[in-house]
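In: heads up, no residue letters with this:
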């Protein structure tokens, strides 16, 4: 009877201890504050974080990069650094900057401006009043005529 009691007590202690370990994995202990991590991501061009959670000793996030694409990121829980060598995307120029650049190049009456995969697609009229489709590099602002 004593052996069964001891085995039950030891088994119960092991179960309680393993439950505490499993629960502790979902809660960051002594890591950077969430607001600090979000500020770090924003400074690296990730202005819209869709989801972030702590798991396996790091944060996993889904965030929108400067080109408007959703990226999956692993983040160091202590420092907020992006892991796995992932680098934030280059800063994308704004729609206002695109419109200003296109108009300065002699185009007018912009009737479509759309960001897509690292570029802007612009439809406007040229100096002769003809419809043109332009492609503007979203990081350099270089204008290419289709």
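Out: Thanks, I have it. Because the structure is a prediction, the values reported are computed rather than measured.
In: Hmm, residue 78 is touching residue 32, no?
Out: Yes - at 6.1 Å, residue 78 counts as touching residue 32 under the criterion of Cβ atoms under 8 Å. The way it works is simple: take the backbone N, C-alpha and C, and place the C-beta from them, glycine included.
In: Show me which of those two is the more surrounded one.
Out: With neighbours defined as other Cβ atoms under 10 Å, residue 78 and residue 32 compare such that residue 32 has more, 19 against 12.
In: Report the spatially nearest residue to the more buried one, omitting neighbours in sequence.
Out: In this structure, residue 32 finds its nearest non-sequential neighbour in residue 80, 5.1 Å apart by Cβ to Cβ, 6 or more residues apart in numbering.
In: quick one: the one you found from residue 46, how far?
Out: Per Cβ to Cβ, to the nearest Å, residue 80 is found 11 Å from residue 46.
In: quick one, which of those two is more surrounded?
Out: Per other Cβ under 10 Å, whichever of residue 80 and residue 46 has more neighbours is residue 46, with 23 against 20.
In: beta partners of residue 52?
Out: Beta bridges link residue 52 to residue 61, judged by DSSP bridges.
In: Surely it and residue 46 touch.
Out: No - taking contacts as Cβ under 8 Å, residue 52 lies outside contact range of residue 46: 10.3 Å.
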